[in-house]
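In: mind folding the following:
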Amino acid sequence: MKHFPIFLAVAGRRIIVSGGGEAAVAKLRLILKTEAEVQVFATDAAPDVVKWADQGQLALIQRDLQLADARGAALLYAAHEDETRDAHIAVIGAKAGVLTNIVDNLADSAFITPAIVDRDPVTIAIGTEGAAPVLARSIKAGLEERLPQTLGLLAKAGKAFRPFAEKLPHGRKRRAFWADYYEKTGPQAFEANGEAALPDALNDLLAAHQGIAQKTGHVDLVGAGPGDPDLLTMKARNALHEADVVIHDQLVSPQILELARREAVIIEAGKKGFGPSAHQNDINALMVEHAKAGAQVVRLKSGDPTVFGRLDEELDALSAANIEWRIIPGITSASAAVAQIGQSFTKRLRNSSVRFLTGHDVKGFAEHDWKALAASGQVAAIYMGKRSARFVQGRLLMHGADPATPVTVVENVSRTDSRIHALTLADLPNKIEGVDGPAVMLLGLAPRAPQTQIANSELKELAL
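Out: Numbers count the residues shown, from 1 in each chain. Presented below is the predicted three-dimensional model:
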């Protein structure tokens, strides 16, 4: 992030635009929505600038900007559309200590003006750091369609009511009040009787919420998927947005944790094979403690919580403590891995079943029906199989498996640093010695020819 997004207080402060042509007009259309004192320095101003000056919306000074003019201003725009003149204005801004934007010159500007969705006082700023202005405009258009024009009026009434809403406890109870207002009660009151109905609607709603007893929290056991945030389900996203506390595994990607509310308490309760891990009893206790305190808790697990996720132990602990819970499934790593190599787990005339195995369990390397797995055409996904690769190879070969059986190891499934290792059973474990990240081993499957696949990055580019 090269540009840190902020909302600058400009009410009663000066914003200066140097230049009076088309570029200046474009910036002024946005600047004039603020409560700033707007000054335009231009010897030859466009008709729109003159009109706004006649209407008293800005002060038009028909000469060139001087250093003394710039001192004390909040912002300065160089909008002459002339490289030399704009560079001179930027020097003035630097000497005056004013943040300066050179229109259409990202590299030499101290700040940029984002695309804005205006539902005053609700303002959404969209920036791409100059990389994709068309994309920013597309996002803006989508938000403009989704956000009703009445949103600003609802927000103004809500802002005035905030001191009264502080009678509710901070956290879940207060959020429930505001969610009720913005999603249901407010729009309904406005539609029925207009803006004048909003204060009474807020008072009635507050009284109703004050009468609701604080509930014991609950726990959502959520599948975070294999790592790519685009593979997270909508239900999982919603749970993260609402959570007061997020208790997550080590393998959950930072990009997914970014989707949680900024105010949420984020707790790493890592469980990682053959490495430092939190004790399961401690994780259970954390969930119960926060839920009993009234928090909405998300227990965020990599992949799908129902697949090798020690889910039953956590559900038993929650049930014993009379904590309500819900399971939100995710895409398990094996499904993402087989999709990544362009294959299918099942295929007519090859196999009608697939096995999900673990390379090790609490007793060590896990035993399975090796004889059945060694038969030609069998397909299996082996989780946590890096350390047990030699053990798996030995058991399969001992039971008659073909050494040429294809094996694909997908490291960091679905992530930007993912790697695909295509080998055979005979190659295990020598050819995966450099695999450091979490990996899924696909027995009986080789990657499909690369030219028939489109990479995730290419798909995203096509979508844009």
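In: could you break the protein into its assigned domains?
Out: 14-113, 151-210, 218-331, 334-452 (automatic domain parsing).
In: relative to residue 134, which of those is closest?
Out: Among the domains of the chain, the nearest to residue 134 by Cβ to Cβ is domain 14-113 (14.7 Å). Heads up, the C-betas are built off the backbone N, CA and C, glycines and all.
In: for the residue nearest to residue 175 when sequence neighbours are not counted, what are phi and psi?
Out: Of all residues not flanking residue 175 in the chain, residue 242 sits nearest, at 7.9 Å (Cβ to Cβ, 6 or more residues apart in numbering). Here is the backbone geometry of residue 242 (degrees, to the nearest 10): phi -100, psi -10.
In: which one of the domains of the chain lies closest to residue 121?
Out: domain 151-210 (5.3 Å).
In: quick revisit: which one of the domains of the chain lies closest to residue 135?
Out: Between these, domain 14-113 lies closest to residue 135; by Cβ to Cβ that is 14.6 Å.
In: first vs last residue of that closest one, how far apart are they?
Out: 16 Å (Cα to Cα, to the nearest Å).
In: so can I have a markdown table of the domains of the chain showing distance to residue 141, mean pLDDT and mean neighbour count?
Out: Shown next, in a markdown table, are the domains of the chain (distance: least, Cβ to Cβ, whole Å; pLDDT from 0 to 100; neighbours: other Cβ atoms under 10 Å):
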| stretch | distance to residue 141 | mean pLDDT | mean neighbour count |
| --- | --- | --- | --- |
| domain 14-113 | 16 | 95 | 18 |
| domain 151-210 | 16 | 91 | 15 |
| domain 218-331 | 21 | 92 | 18 |
| domain 334-452 | 28 | 91 | 17 |
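In: for the ones you listed, give me TSV that also has distance to residue 7.
Out: Formatted as TSV, the domains of the chain follow (distance: least, Cβ to Cβ, whole Å):
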stretch	distance to residue 7
domain 14-113	11
domain 151-210	14
domain 218-331	15
domain 334-452	31
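In: quick one: closest of those to residue 145.
Out: domain 151-210 (12.6 Å).
In: ends of that closest one, what's the gap?
Out: First-to-last residue span, domain 151-210, Cα to Cα: 25 Å.
In: centroid residue for the protein?
Out: residue 259 (4.0 Å; Cα atoms, centre = their mean).
In: any idea which element the spatially closest residue to that residue that is not a sequence neighbour lies in?
Out: Excluding the flanking residues, the one nearest residue 259 by Cβ to Cβ, 6+ apart is residue 240, at 4.9 Å. Following DSSP states H and E, one finds residue 240 within helix 234-242.
In: by contact count, what packs against that helix?
Out: strand 218-223, strand 296-301, strand 324-328 (3 or more Cβ pairs under 8 Å, 6 or more residues apart in numbering; DSSP states H and E).
In: make JSON lines from these and add distance to residue 82 to it.
Out: Below are the helices and strands packed on helix 234-242 laid out as JSON lines (distance: least, Cβ to Cβ, whole Å):
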{"stretch": "strand 218-223", "distance to residue 82": "55"}
{"stretch": "strand 296-301", "distance to residue 82": "54"}
{"stretch": "strand 324-328", "distance to residue 82": "57"}
